[in-house]
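Asks: Next come a sequence and a model predicted from it.
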Amino acid sequence: MSMRLERHMHRVDFVKEGDVLECDACDRIRTYDGLRCSECNFTVHRNCAFVFMLEDIFNHPSHDGHCLKLVTTGTPVYTDPKCHICGRNTKRLLYHCSDCRLNLDINCMIDHICAGAILNMPWHSHPLLFVKLGVLLQCDVCFMFHRRGYVCPRCKLVVHKECVSAIVSRKITHPFHVRHPLQLLTDGAPDYADRKCHICGEETENLLYHCNMCKFNMDIGCAIRDPQQVALSNLKVHEHTLTLMPRLISFVCDACGTKGDHSPYVCVQCDFMIFHQECAYLPRVINVNHHDHRISFKYPLGLGEWRCGVCWEEIDWSYGAYSCSSCPNYAIHSRCATRKDVWDGKELDGVPGVIEDIKPFKVNDDNTITHFSHEHNMSLNKETEESTFCQACVCPIGSYTSYSCSESDCTFILHETCANLPKKKRHFLSPELLALRPQSQRSKENICRACDQVLCQGFVYSTYQKQNFDLLCSSVTVPFIHGSHDHHLLYLKLEFGQMKTCQNCGMDETEVVLGCIKCNYFLDFRCATLPYTVRLPRYDDHLLTLCFGEKASGRYWCDICERETNSKTWFYSCQDCGVTLHVFCVVGDIRYAKPGGNINNNVELLPNNRSSRPFCYNCHCHCPGPFFLKDFVGDQFCSYYCFSRSKSWMSLVKKKHVICPPWAL
């Protein structure tokens, strides 16, 4: 990302935090974010950029009467590169007089710059200069970014106007270090001390409180915010009071089994140590979305070979974890069990267990059932109903046993397995309990939140906020075994800013994936739930098999769209006919599709079984898939992708919700 900098002719680029920057203003090498001009080849720390707001200097004591201008490209070729005051070689940023060919580096101008400072604080030995810049300055007190604040030209200290009053004294007595008073430092931690804050463990910056007798550091944030409790009592994970030990010390948290390096809470009586304060307040009994039963915190977990039911990593039995009393081999890491995407945040200790009614139907006296989704009684039907579709999974009934409506004029029918789907279930896709319901064709929430595909009809599992997950995605279990990879895949909820690329389709996913972190192998839910085998009527119901790519030198052609297929990506093939078919041409981009179905109640799905396939209104190609779409004005589309691209009123449809067909790439 680039931006404009005051009094500079070129745009400058941000240099991300973590890169080692040698600043051309302060001459200090620090791991800190900053700005770089590729034209002038200078680099400046973000908080040193205030030099660009300074005016030209006419009255400098060492060169009175001539103008000194800020130069960003180094000393001109016609002058000596040394500073005419200190004799050191100048850097890219310096002051220069073109009349006298005089060079002055930034450090030699500090006294003059400080003369314009307007604020003197008792806790700082240098005056502070008020600046207003286009670049955001990071405050050394609150670490927030603002465009204006006070800067110390000598120390490069930055304090926002709102934070000036937060620093009350140069010397304080704090409950985390009661033995000695703490002295305010404005130029960073001394060389003999560790730079980390002994309370939060973060690297300290310029401003911190320090005890030289104990080599103790405390950053300003820990000093001015509401202090953590020195002692913790009435805990669910330990019966005794825990006391804060404000030291940098290596240990392992007994509650979660992770390594710590600062400020544990300890129980001397039991030799019990906790790293995170939140570990002290771990709940005793909870429900998680990876398991059907309640789980309880236990310390220590107990002798045995344990593996976490969420991350599938080994659990050290000598530390605390959550286990299930009904399933003796099931346990979860404390940190995994209390993740926001795993736990719903409800503490169940002392709350009586309620048996959820998850049965989808009740059996009547006449051997019929009453399913929650249908108003009529249904009876078991063992005869073949090949021409009908199951109302739940929207697949042909075929030769499977089914329940059909007892009313002669009602065509409602369910596979026996679909009729037995539980009304409520826990699934890793949501920390909430999921409820089974029929998908309404009029519903605006017709997107599966896992695979991002459009749902036409059928049953879905929904959260209280009406987030829908189709039956395929909500049937995935972890660890997930997929034929395209040798190792099992785990569910990964991506953090903000994270992105993973699907190994098959190459699309970037920013929310959820199934993956093997060890091999850097990831699949989005759409590709992970593709059927391994499928039958197409147009190929005499031959069995098509999903192939996960092969190393071949020859060229393959899709028999449906008559375009080339990439043999290195997934495709469907028939061993009897030898045909190869695009995945998109076989399954399309709409789930739960069947003839007569509708999307948003105004787009009709029609079977693509005519001798001459219709032309798509958007891509002007023959519609290849098993269905094509027809809107209320009569326009025809090969896919939901083409439909959404052609309609301006569909601009609100997120691009990730429509899958691009191979010929549109």
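Replies: Perfect, I can see it now.

Asks: ok, residue 141 - contacts?
Replies: Counting by Cβ atoms under 8 Å, 6 or more residues apart in numbering, residue 141 touches 159-160, 163, 166-167, 207, 220-221, 224. To be clear about C-beta, it is placed using only N, CA and C from the backbone, and glycine gets the same treatment.

Asks: If any of those are buried, give me the PyMOL selection for them.
Replies: To isolate the buried members of the contacts of residue 141 in PyMOL, using 16 or more other Cβ atoms under 10 Å:
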select buried, resi 159+160+163+166+167+207+220+221+224
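
Asks: okay if I get the contacts of residue 141 as CSV plus secondary structure and distance to residue 243?
Replies: Formatted as CSV, the contacts of residue 141 follow (DSSP: H, G, I helix; E, B strand; the rest coil; distance: Cβ to Cβ, whole Å):
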residue, secondary structure, distance to residue 243
159, strand, 34
160, coil, 35
163, helix, 31
166, helix, 28
167, coil, 28
207, coil, 28
220, helix, 24
221, helix, 22
224, helix, 23
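
Asks: Output the contacts of residue 141 in a markdown table; the columns should cover distance to residue 432 and pLDDT.
Replies: As requested, these are exported to a markdown table (distance: Cβ to Cβ, whole Å; pLDDT from 0 to 100):
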| residue | distance to residue 432 | pLDDT |
| --- | --- | --- |
| 159 | 44 | 81 |
| 160 | 40 | 81 |
| 163 | 40 | 76 |
| 166 | 40 | 65 |
| 167 | 45 | 72 |
| 207 | 44 | 79 |
| 220 | 40 | 78 |
| 221 | 34 | 75 |
| 224 | 38 | 71 |
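
Asks: Now do the strands in the stretch 1-150 of the chain.
Replies: For the stretch 1-150 of the chain, applying DSSP state E, counting those that start in this stretch gives strands covering 2-4, 11-15, 20-22, 29-31, 34-37, 42-45, 57-60, 63-71, 94-97, 102-105, 129-138, 145-152.

Asks: Let's have the ones you listed in TSV, adding mean neighbour count, distance to residue 479 and mean pLDDT.
Replies: Converted to TSV, the strands of the stretch 1-150 of the chain look like this (neighbours: other Cβ atoms under 10 Å; distance: least, Cβ to Cβ, whole Å; pLDDT from 0 to 100):
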stretch	mean neighbour count	distance to residue 479	mean pLDDT
strand 2-4	12	44	68
strand 11-15	17	40	79
strand 20-22	15	40	67
strand 29-31	12	38	51
strand 34-37	22	44	81
strand 42-45	23	46	80
strand 57-60	15	68	72
strand 63-71	15	60	78
strand 94-97	22	61	84
strand 102-105	22	61	81
strand 129-138	18	42	74
strand 145-152	20	42	79
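
Asks: circling back to that earlier point, what's the closest of the contacts of residue 141 to residue 438?
Replies: Closest approach to residue 438 among the contacts of residue 141 (Cβ to Cβ): residue 221, at 52.1 Å.

Asks: Now do the contacts for that closest one.
Replies: 141-143, 200.

Asks: re earlier: could I get the strands of the stretch 1-150 of the chain in CSV, plus columns for distance to residue 189?
Replies: Formatted as CSV, these follow (distance: least, Cβ to Cβ, whole Å):
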stretch, distance to residue 189
strand 2-4, 31
strand 11-15, 24
strand 20-22, 19
strand 29-31, 13
strand 34-37, 21
strand 42-45, 18
strand 57-60, 34
strand 63-71, 32
strand 94-97, 30
strand 102-105, 27
strand 129-138, 18
strand 145-152, 17
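
Asks: Stretch 263-274: end-to-end distance?
Replies: 9 Å (Cα to Cα, to the nearest Å).

Asks: Mind listing residues that contact that stretch?
Replies: 198-201, 232, 237-238, 240-247, 249, 251-255, 260, 275, 277, 280.

Asks: try stretch 361-374
Replies: 360, 377-380, 391-392, 403, 405-406, 412, 414, 419, 423, 436-438, 459.

Asks: quick one: which of the strands of the stretch 1-150 of the chain is nearest residue 322?
Replies: Closest among these, once you apply Cβ to Cβ, is strand 29-31, at 37.8 Å.

Asks: Identify the residues contacting the residue lying closest to residue 93 once chain neighbours are set aside.
Replies: The shortest distance from residue 93 to any non-neighbouring residue, by Cβ to Cβ, 6 or more residues apart in numbering, is to residue 24 (4.4 Å). Residues near residue 24 by Cβ under 8 Å, 6+ apart: 42-44, 91-93.

Asks: And those residues, which is closest to residue 314?
Replies: residue 43 (44.7 Å).

Asks: got the contact list for the spatially closest residue to that closest one that is not a sequence neighbour?
Replies: Excluding its sequence neighbours, the residue lying closest to residue 43 (Cβ to Cβ, 6+ apart) is residue 36, at 4.8 Å. Under the criterion of Cβ under 8 Å, 6+ apart, the neighbours of residue 36 are 12-13, 15, 42-44.

Asks: Turn the buried ones among the contacts of stretch 263-274 into a named ChimeraX selection, would you?
Replies: Those of these that count as buried under 16+ other Cβ under 10 Å are selected in ChimeraX with:
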select :198,199,200,232,237,238,242,244,245,246,251,252,253,254,255,260,275,280
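
Asks: So which of the contacts of stretch 263-274 sit within strands?
Replies: Under the assignment DSSP state E, the contacts of stretch 263-274 contribute 232, 242-244, 251-252, 260 to strands.

Asks: okay if I get the residues you listed as CSV plus pLDDT and distance to residue 547?
Replies: Shown next, in CSV, are the ones in strands among the contacts of stretch 263-274 (pLDDT from 0 to 100; distance: Cβ to Cβ, whole Å):
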residue, pLDDT, distance to residue 547
232, 83, 58
242, 89, 58
243, 86, 62
244, 84, 60
251, 89, 52
252, 90, 47
260, 84, 49
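
Asks: State the helix or strand in which residue 210 lies.
Replies: strand 208-211 (DSSP states H and E).

Asks: Show me what the helix or strand just after that strand is packed against.
Replies: Reading on from strand 208-211 to the C-terminus, the next helix or strand found by DSSP H and E is strand 216-219. Where contact means 3 or more Cβ pairs under 8 Å, 6 or more residues apart in numbering; DSSP states H and E, strand 216-219 is packed against strand 177-185, strand 208-211.

Asks: What average pLDDT does the longest one get?
Replies: Strand 177-185 shows a mean pLDDT of 84.

Asks: Direction included, what does that strand pair up with?
Replies: strand 171-174 (antiparallel), strand 208-211 (antiparallel) (DSSP bridges).

Asks: related to what we said a few turns ago, of the contacts of residue 36, closest to residue 564?
Replies: Nearest member of those to residue 564, counting by Cβ to Cβ, is residue 13, at 40.8 Å.

Asks: Sounds good, over and out.
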